[in-house]
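**Student:** sequence isn't available, so here's the structure alone:
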């Protein structure tokens, strides 16, 4: 039997490997979306791809990495060698999200045996496609969204594949940035791989395997303990959408299973609003983790009780050619719907609905001072929902974003050559006997040179939902002011041309209210 103290030391060292990978990536990347916003994820898996540990960053990104490694193992089984490094961004082949998010994964060998994988995912500012920033809203297939990288060897046996690097550079409007971000991800993986080899050298591969197995059993036990506190039954979930449709799903809670049935989902859309089946699974993993074991601890065992059912050809399980550029809005709307269903029908002590959007704003152009191309990618902050005991949090990133930050005004203005005129809290909406949803944010960007905008957000028509008996929250909006005239913009738009001195105003919603304890 393994010494529990040594098991704990090895498990902590594996956590540290993922954390150090994250820090190397943060400190060496070229793009502010990575080193300031932290739109990344890092993780360690076992030899088969099961999640072992993760660094900070976006929770849904961490949920991608084990699926990425499993896809590589399935495709390259028997051909994986020491010194290999793989890259992919294909949502249907290990990429899971959209083409802007690039996965770099490296197998870790000790004395000739594959013992683990290290992997990272990061949002790149431009990966080609029809519009700067690679996030067009008017495309109808994946191939139109940019450069698709199937599972490729960036390094083979330690030798760099210059052709792959050249193809990436040649297909981006920001070749220096994507190259810098790529090598930052490679460096981060190498740092973590070296640490894992050190663990094996000191404690042996047998102890490493025992530590991974023990942590996984702990993860499963923690998940089942959280599941045991939930009421048994089948719960319906539904949510009206901005396009006038209503989504439906169900959740079944048993003694040892949490089953999410998404087979009633709408058919896949011709536009970029689909998410891969793995992406739908990641969304359900975020929900399941928040409900059963919201602490940072997470590995493959943490999700063993979860089962997700999808229907091929739906927005949660589309065909391989489906566009997926705005997958993140579909994913967050899925979590929002399931959260609402449980809050309203399962009797769980959950907060009201939040502003529930990533609100990925892309402003791309040339810096007015340097002439250098830029692509600002800025997720937005908004209001979270209230509970009967407290008001909602104000100016927070979405529930999908985890430990991320806004890009400081000084950095944004210097790197992108625009002016951030104002950033201020929106209005609250509190009534007697209610707790107020958190306040959204109002941000005004003034252009110093011509640029092109792409953006997509949810809850532009349907407000953030309240807990029963309270007032609903607000809606998200985008406004353009030109020549003294202000116009509301659509929820989804790309290739919106901005001129010098135009102002773009982002308004995010307040969260839903909740009845105050003892008042209603």
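**Tutor:** The structure has been received and is ready for your questions. Everything quoted here is computed from the prediction, not taken from an experiment.

**Student:** spatially central residue for the protein, please.
**Tutor:** For the chain, the residue nearest the mean C-alpha position is residue 60 (4.1 Å; CA atoms, centre = their mean).

**Student:** quickly note the distance from it to residue 298.
**Tutor:** 12 Å (CB to CB, to the nearest Å). Any C-beta I mention is one placed from the backbone N, CA and C, and that applies to glycine too.

**Student:** hang on, the earlier thing: helices or strands up against the helix or strand containing the residue nearest to the centre of the chain?
**Tutor:** For residue 60, the host element (DSSP states H and E) is helix 59-76. Judged by 3 or more CB pairs under 8 Å, 6 or more residues apart in numbering; DSSP states H and E, helix 59-76 is in contact with strand 40-46, strand 51-57, strand 85-88, strand 101-110, strand 113-123, helix 277-292.

**Student:** okay, the angle between that helix and strand 40-46?
**Tutor:** 50 degrees (axes from the mean of the first three to the mean of the last three CA atoms, to 10 degrees).

**Student:** use 46 as the first number from now on
**Tutor:** Let's use 46 as the start, then, which means that last one is helix 104-121.

**Student:** what's the spacing between helix 104-121 and its chain's center?
**Tutor:** Distance of helix 104-121 from its chain centroid, counting by CA atoms, centre = their mean, to the nearest Å, is 14 Å.

**Student:** name the residues that touch stretch 453-463?
**Tutor:** The set of residues external to stretch 453-463 that reach it, using CB atoms under 8 Å, 6 or more residues apart in numbering, is 77, 81, 408, 410-415, 419, 421, 423, 464-465, 468, 490-494, 496.

**Student:** let's see which of those residues end up in strands.
**Tutor:** Among the contacts of stretch 453-463, the residues falling in strands (DSSP state E) are 408, 410-411, 419, 421, 423, 464-465, 468, 490-492, 496.

**Student:** rebuild these as JSON lines, extending it with distance to residue 203 and neighbour count.
**Tutor:** Shown next, in JSON lines, are those (distance: CB to CB, whole Å; neighbours: other CB atoms under 10 Å):
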{"residue": "408", "distance to residue 203": "40", "neighbour count": "25"}
{"residue": "410", "distance to residue 203": "40", "neighbour count": "23"}
{"residue": "411", "distance to residue 203": "39", "neighbour count": "15"}
{"residue": "419", "distance to residue 203": "35", "neighbour count": "25"}
{"residue": "421", "distance to residue 203": "36", "neighbour count": "23"}
{"residue": "423", "distance to residue 203": "38", "neighbour count": "24"}
{"residue": "464", "distance to residue 203": "47", "neighbour count": "15"}
{"residue": "465", "distance to residue 203": "45", "neighbour count": "17"}
{"residue": "468", "distance to residue 203": "47", "neighbour count": "15"}
{"residue": "490", "distance to residue 203": "45", "neighbour count": "25"}
{"residue": "491", "distance to residue 203": "49", "neighbour count": "17"}
{"residue": "492", "distance to residue 203": "46", "neighbour count": "22"}
{"residue": "496", "distance to residue 203": "42", "neighbour count": "27"}
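
**Student:** so which pair among the residues you listed is furthest apart in space?
**Tutor:** 411 and 468 (24.2 Å; CB to CB).

**Student:** by mean pLDDT, point me to the weakest helix or strand of this structure.
**Tutor:** When the helices and strands of the chain are scored by mean pLDDT, DSSP states H and E, strand 96-102 comes last with a mean of 86.

**Student:** buried sites along that strand?
**Tutor:** 96, 97, 98, 99, 100, 101, 102 (16 or more other CB atoms under 10 Å).

**Student:** one more: stretch 152-162?
**Tutor:** 152, 153, 154, 155, 159, 160, 161, 162.

**Student:** from these, which two are the most distant?
**Tutor:** 155 and 162 (12.8 Å).

**Student:** on that earlier part again, pick the most buried one from the helices and strands packed on helix 104-121.
**Tutor:** Most buried of those by mean neighbour count (mean count of other CB atoms under 10 Å) is strand 85-91; its value is a mean of 29.

**Student:** what does stretch 505-520 contact?
**Tutor:** 284-287, 385, 388-389, 396-401, 428, 430-433, 471, 474, 476, 479-480, 482, 485, 504, 521-522, 536, 554-560, 565.

**Student:** can you say which of these are buried?
**Tutor:** 284, 286-287, 385, 388-389, 396-401, 428, 430-433, 471, 474, 479-480, 482, 485, 504, 521-522, 536, 554-560.

**Student:** what residue ranges in the chain score low on pLDDT?
**Tutor:** 46-47, 563-565 (pLDDT under 70).

**Student:** now, the contacts of stretch 505-520 that are in strands?
**Tutor:** Using DSSP E, the contacts of stretch 505-520 in strands are 284, 285, 479, 480, 522, 559, 560.

**Student:** tell me which residues touch the second one, please.
**Tutor:** For residue 285, the residues meeting the contact criterion (CB under 8 Å, 6+ apart) are 291, 507.

**Student:** and for residue 531?
**Tutor:** 524, 525, 550 are the contacts of residue 531 under CB under 8 Å, 6+ apart.

**Student:** change it to 6 Å
**Tutor:** Contacts here follow CB atoms under 6 Å, 6 or more residues apart in numbering; on that basis residue 531 touches residue 524.

**Student:** what's the answer for residue 372, then?
**Tutor:** 142, 143, 320, 324.

**Student:** change it to 7 Å
**Tutor:** Counting by CB atoms under 7 Å, 6 or more residues apart in numbering, residue 372 makes contact with 142, 143, 319, 320, 324.

**Student:** before we move on, what about residue 393?
**Tutor:** Counting by CB under 7 Å, 6+ apart, residue 393 has contacts 275, 387.

**Student:** in terms of helices and strands, where is it?
**Tutor:** Using DSSP H and E, residue 393 falls outside every helix and strand.

**Student:** packing partners for whichever helix or strand residue 257 is part of?
**Tutor:** Assessed by DSSP H and E, residue 257 sits inside helix 250-273. Under the contact criterion of 3 or more CB pairs under 7 Å, 6 or more residues apart in numbering; DSSP states H and E, helix 250-273 touches helix 49-73, strand 158-168, helix 322-337.

**Student:** for the ones you listed, which one sits closest to residue 111?
**Tutor:** Here strand 158-168 is closest among those (CB to CB), at 8.3 Å.

**Student:** could you list every helix and strand in contact with that closest one?
**Tutor:** helix 49-73, strand 85-91, helix 104-121, strand 146-155, helix 220-248, helix 250-273.

**Student:** reformat the ones you listed as a markdown table; add distance to residue 331.
**Tutor:** As requested, the helices and strands packed on strand 158-168 are exported to a markdown table (distance: least, CB to CB, whole Å):
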| stretch | distance to residue 331 |
| --- | --- |
| helix 49-73 | 18 |
| strand 85-91 | 12 |
| helix 104-121 | 5 |
| strand 146-155 | 16 |
| helix 220-248 | 23 |
| helix 250-273 | 13 |
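
**Student:** out of these, which one sits most buried?
**Tutor:** In terms of average neighbour count - mean count of other CB under 10 Å - the standout among the helices and strands packed on strand 158-168 is strand 85-91, at a mean of 29.

**Student:** so what strands line up beside it?
**Tutor:** strand 96-102 (antiparallel), strand 158-168 (antiparallel) (DSSP bridges).

**Student:** could you tell me the angle between that strand and strand 146-155?
**Tutor:** 30 degrees.
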